[in-house]
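[1] Curious how this folds, go ahead:
(one chain, ligands or ions: 1)
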Amino acid sequence: MRNQAGQKTISRRSFGLLGVTSVLAASGVAAAPSAFGVGEGPGYGGNETVNTSILHTYDELVAELKTQAAKQSALELEVIGQSVKGRDLYLAKYLSNPANPTILFLTQQHGNEQLTTEGALEFIKSLGTGKNRSVLKGVNILIVPMLNADGAMGDVNFSLDNYIAKGRHLTRYNANEVDLNRDHIVKVQPETQALHNNVMRKYKIDYMIDLHHQGARSQRDGELVSGSILYPTTANVDATVLEGSKRLGAVVFHAIDPTGWGHLGRYVGGTAETISRNGIAVEYGISTLLFEMRGMSDHEYEPYVLGQKSNGYLIKQTVVTLTATTRAIADGSIATADTSFWDTLAEQTSRGEE
Ligand SMILES: [Zn+2]
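    Reported below is the predicted structural model:
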């Protein structure tokens, strides 16, 4: 029933210069969905109110970061630049020992993909507890939460009239209606410049996980996925870097997929180096992993939005991912992570294609 409306929606002006195919590819949906039945797991489906007031605002995020930095001696905050609208962009740093390997977690390049930031905040809080603090002896951790702060606040120079959420809107693009995750070669936008100039070029980083959300209707082996993962797929990536990405993915997969709520597919992604997964791996020799969580916090295209009833397990998925990878790096077990699952991990498909 959403077929006609859906196709109409994705050709709307607000997608700007992007064609339908690139929009779908960029959003993790392999092909135009054709039918939307009732799937398992809580969805939006037009019936549930999606209220974004339960998500941290930018100001609440900054306040929480400052609270944690005051509590945790190992945590330092750095302002790496400003958004189009002048919001300070933060880097949270745990730099225990320059000799340690370093991992960077990046969230919300797309402003409407916020549960990754919620999970990153939970992870930061957990590093202040006795149970998890010990990981810091073996790994340096960098976190850039909510890179697209203006989009996250719906404070943008274009219309969000048709967005679905109730309350504050959140948008993929930055205030200039640019997709930050297509700006990693030319680096025109202030948010992308802040990331490259003051994080990528300033710190020696070994691993990076770029955290996103995809549409709500992707499946693997007939079951809706909780998310999807992929390593760099450009031919220009160094073989050792690629192998590190696959090992990083192995740690994530083996931490998430066996859980009752976790079910991961292989993301269907392109080779463009304008995307951080590819571009950052090539430019800096960093082993990158893309992690796309299920369902977005807000969008004008209904099948991309996931009801807030799913927030709990998706936030947990981020926390488990960040916890498992930092532990595997800290104790060195990432070096022997079994990457053979990649040989059989099926590409996710759209539920609409069934
Ligand atoms: Zn995204």
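[2] which residues sit in contact with the residue lying closest to V135 once chain neighbours are set aside?
    Excluding the flanking residues, the one nearest V135 by Cβ to Cβ, 6 or more residues apart in numbering is A330, at 4.7 Å. In this view, the C-beta of every residue, glycine as well, is placed from N, C-alpha and C. Neighbouring residues of A330 by Cβ atoms under 8 Å, 6 or more residues apart in numbering: 100, 135-139.
[3] Give me the buried subset of the residues you listed.
    Of the members of the contacts of A330, the ones counted as buried by neighbours, 16 or more other Cβ atoms under 10 Å, are 100, 135-136, 138-139.
[4] and the two most separated of the residues you listed?
    Taking every pair in the buried ones among the contacts of A330 and measuring Cβ to Cβ, the maximum separation is 10.5 Å, between N100 and V135.
[5] before we move on, what SS does the residue of the stretch 251-354 of the chain found nearest the ion have?
    For the stretch 251-354 of the chain, the residue positioned closest to the ion under Cβ to the ion is E292, at a distance of 7.0 Å. Using DSSP: H, G, I helix; E, B strand; the rest coil, the secondary structure recorded for E292 is strand.
[6] coming back round to it: in CSV, list the buried ones among the contacts of A330 along with pLDDT, distance to the ion and secondary structure.
    As requested, those are arranged in CSV below (pLDDT from 0 to 100; distance: Cβ to the ion, whole Å; DSSP: H, G, I helix; E, B strand; the rest coil):
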residue, pLDDT, distance to the ion, secondary structure
N100, 97, 29, coil
V135, 97, 27, helix
L136, 97, 28, helix
G138, 97, 30, coil
V139, 98, 25, coil
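[7] of all those residues, which comes closest to R201?
    For the buried ones among the contacts of A330, the nearest to R201 is N100 (19.4 Å; Cβ to Cβ).
[8] in the sheet, who's paired with the residue of the stretch 251-354 of the chain closest to the ion?
    Using DSSP bridges, the bridge partners assigned to E292 are H212, S228.
[9] which stretches of this protein form strands?
    The residue ranges that make up the strands of the chain, judged by DSSP state E, are 76-82, 88-94, 102-107, 140-144, 207-214, 218-220, 223-224, 227-230, 264-266, 287-294, 349-350.
[10] mind listing what the last one pairs with, with the direction of each?
    Sheet pairing for strand 349-350, assigned by DSSP bridges, gives strand 218-220 (antiparallel).
[11] OK, contacts around the residue in the stretch 201-350 of the chain that the ion sits nearest to?
    Relative to the ion, the nearest point of the stretch 201-350 of the chain is H212 (3.2 Å; Cβ to the ion). Residues in contact with H212, defined by Cβ under 8 Å, 6+ apart, are 28, 109-110, 113, 116, 181, 290-293.
[12] separation between Y267 and L91?
    For Y267, the distance to L91 equals 26 Å [Cβ to Cβ, to the nearest Å].
[13] before we move on, back to that, what is the nearest of the contacts of H212 to Y304?
    Within those, proximity to Y304 (Cβ to Cβ) peaks at G28, which comes in at 9.1 Å.
[14] Quick check: residues of the protein near the ion?
    Taking Cβ under 5 Å from the ion, the part of the chain that reaches the ion is made up of 110, 113, 212.
[15] Make TSV out of those and add pLDDT.
    Formatted as TSV, the residues of the chain next to the ion follow (pLDDT from 0 to 100):
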residue	pLDDT
H110	96
E113	93
H212	96
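[16] Can you check the pLDDT for the closest residue to I54 other than its chain neighbours?
    In this structure, I54 finds its nearest non-sequential neighbour in Q308, 6.4 Å apart by Cβ to Cβ, 6+ apart. Q308 carries a pLDDT score of 74 in this model.
[17] What of the one 5 residues further on?
    pLDDT, Y313: 88.
[18] I'd like to know how far it sits from E118.
    Distance from Y313 to E118, counting by Cβ to Cβ: 12 Å.
[19] more neighbours, the two?
    Neighbours per residue, other Cβ atoms under 10 Å: of Y313 and E118, the larger number sits with E118, 22 against 19.
[20] Might one say that that one is in contact with H56?
    Yes. Assessed by Cβ atoms under 8 Å, E118 is found in contact with H56 at 6.6 Å.
[21] ok, for the residue in the stretch 1-150 of the chain that the ion sits nearest to, nearest residue in space, not its chain neighbours?
    Of all residues in the stretch 1-150 of the chain, H110 sits closest to the ion, with a separation of 3.5 Å (Cβ to the ion). The shortest distance from H110 to any non-neighbouring residue, by Cβ to Cβ, 6+ apart, is to R172 (4.4 Å).
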